[in-house]
Structures are given as C-alpha cells and as structure tokens.
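Asks: using only what follows, build the 3D model:
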Amino acid sequence: MEGGQMSGSTRTVLIILAFVAMVLGSFIWFIASWDASKEQSVTGRVPVAETTGWHT
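Replies: Sure, this is the predicted structure:
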C-alpha cells in the first residue's frame, strides 16, 4: 500500500465494521434509555372464548 492508499477489500471491511459498531451502539443506547413506565404495553391477554365465539 504505497502512498497511504487502502485496498478495496480493506475499505469494505472497515465500512462493514463501522456499520456493525453503529448498529450495536444504537441498540445498546435503546436498551439503556428504555423506560417501561412511559410505554403502553403491546401485549395483552384476550380470552379465546370472546374472540372466537365459542362462548355462545
């Protein structure tokens, strides 16, 4: 590598590593800043009889 130039494969690996670092960093930030008391639950228990009509 004369003149400080990087090969194409080295540049590709660095770009991939930078992308992975950004994804992991944003995921860690998301988990670290999560506040469950501010969010509405997306899960719930709905009785099967009420949704299928088996209770009639």
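
Asks: please enumerate the helices of the chain.
Replies: Applying DSSP state H to the chain gives helices spanning 8-32, 48-52.

Asks: how close does Ser7 sit to Leu14?
Replies: 11 Å (C-beta to C-beta, to the nearest Å). No exception for glycine: its C-beta is placed from N, CA and C like everyone else's.

Asks: same question for Phe27.
Replies: Taken as C-beta to C-beta, the span from Phe27 to Leu14 is 20 Å.

Asks: got CSV for the helices of the chain, with mean neighbour count and distance to Ser41 too?
Replies: Below are those laid out as CSV (neighbours: other C-beta atoms under 10 Å; distance: least, C-beta to C-beta, whole Å):
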stretch, mean neighbour count, distance to Ser41
helix 8-32, 10, 18
helix 48-52, 9, 18
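
Asks: those helices: lowest mean pLDDT?
Replies: When the helices of the chain are compared by mean pLDDT, helix 48-52 comes last with a mean of 59.

Asks: a markdown table for the helices of the chain, including distance to Glu39?
Replies: Output for the helices of the chain, formatted as a markdown table (distance: least, C-beta to C-beta, whole Å):
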| stretch | distance to Glu39 |
| --- | --- |
| helix 8-32 | 12 |
| helix 48-52 | 24 |
